[in-house]
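K.L.:
return a 3D structure for these sequence lines:
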Amino acid sequence: MQQKLRFVVFLVPLVFPPFVFSNVRRETLWGGWEPIKDINDPHVREVAEFAVSEYNKQSKASLKLKSVVKVEKQVVINYKLDLETSDGTTADAKEYEVVFWEKAEVNSGSLTSFKPIQA
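P.N.:
Now for the predicted structure:
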């Protein structure tokens, strides 16, 4: 019995390192971000509009969404978006990194972060 246990203890580290040390598996399992290829997806646009609207309410700003520049999604249904906005008074667009947590089971979510991207 002890020989079988020793064999298993010896064999496990040899068989499983690809799973333990693989960056792809770790990011997916441990909360890594993966890109969403279709930034024009209607749901992405909905999340972006909500994020700008929520930010405006919380900060008394008047930003308007111009475009979604980049989107990444987290396994736990978080979205990280780079948004281009304008405040309606200047020609200069500003970019923000936004993190939005979606509660899919109740069809709602919350704005976690909305911060300027430094050029």
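
K.L.:
does residue 71 touch residue 81 like I think?
P.N.:
Yes - under the criterion of C-beta atoms under 8 Å, residue 71 makes contact with residue 81 at 5.2 Å. (Each C-beta comes from the backbone N, C-alpha and C, glycine too.)

K.L.:
common neighbours of the two, please.
P.N.:
Shared contacts of residue 71 and residue 81, defined by C-beta atoms under 8 Å, 6 or more residues apart in numbering, comprise residue 44.

K.L.:
would you mark the buried spots in stretch 63-71?
P.N.:
Of the residues in stretch 63-71, 63, 65, 68, 71 count as buried by neighbour count, 16 or more other C-beta atoms under 10 Å.

K.L.:
host element of the third one?
P.N.:
Translated: residue 68. Using DSSP states H and E, residue 68 falls within strand 64-74.

K.L.:
export that strand as PDB, just CAs?
P.N.:
Taking C-alpha atoms only, strand 64-74 is exported to PDB below (Å, rounded to 0.1, in the frame of the first residue of the first chain):
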ATOM      1  CA  LYS A  64     -21.200  61.200 -23.600                       C
ATOM      2  CA  LEU A  65     -20.000  57.900 -25.000                       C
ATOM      3  CA  LYS A  66     -18.200  58.300 -28.300                       C
ATOM      4  CA  SER A  67     -16.900  54.700 -28.900                       C
ATOM      5  CA  VAL A  68     -15.800  51.500 -27.200                       C
ATOM      6  CA  VAL A  69     -12.000  51.200 -27.900                       C
ATOM      7  CA  LYS A  70     -11.200  47.900 -26.200                       C
ATOM      8  CA  VAL A  71     -13.100  45.300 -24.200                       C
ATOM      9  CA  GLU A  72     -12.000  42.500 -21.900                       C
ATOM     10  CA  LYS A  73     -14.200  40.100 -19.900                       C
ATOM     11  CA  GLN A  74     -13.400  38.200 -16.700                       C
END
